[in-house]
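Engineer: sequence and predicted structure below; questions after.
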Amino acid sequence: MPLSDDDVREIIAILERPGTGELRVCTGEFELHVVRTPPGGVTGAAPPPPPAA
């Protein structure tokens with residue numbers, strides 16, 4: 001079953017919610033997998049070490 005315009009709008013609204021980092025939608029042969037990372041890096045990444053003095 002194809003996605004309707006309303007389905008796509010709902011997917012976009014879900015992705016825009018704070019704290020939504022990953023979304024997977026599967027309908028029949030269609031599969032959408034979106035992973036968002038915060039600005040400036042990967043979730044859970046350790047900060048770089050300070051420069052040597």
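Structural biologist: Arrived safely. Residues are numbered from 1 along each chain as shown.

Engineer: so, low pLDDT: which residues of the protein?
Structural biologist: 1, 38-47, 53 (pLDDT under 70).

Engineer: that one: helices as residue ranges?
Structural biologist: 5-16 (DSSP state H).

Engineer: what about the strands in it?
Structural biologist: Taking DSSP state E, the strands of the chain run over residues 22-27, 30-35.

Engineer: could I get the ones you listed as JSON lines with distance to P50 and mean neighbour count?
Structural biologist: C-beta: built from backbone N, CA, C; applies to glycine. JSON lines is the format used below for the strands of the chain (distance: least, C-beta to C-beta, whole Å; neighbours: other C-beta atoms under 10 Å):
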{"stretch": "strand 22-27", "distance to P50": "31", "mean neighbour count": "11"}
{"stretch": "strand 30-35", "distance to P50": "29", "mean neighbour count": "10"}
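
Engineer: format these as a markdown table; extra columns: distance to P51.
Structural biologist: Shown next, in a markdown table, are those (distance: least, C-beta to C-beta, whole Å):
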| stretch | distance to P51 |
| --- | --- |
| strand 22-27 | 34 |
| strand 30-35 | 31 |
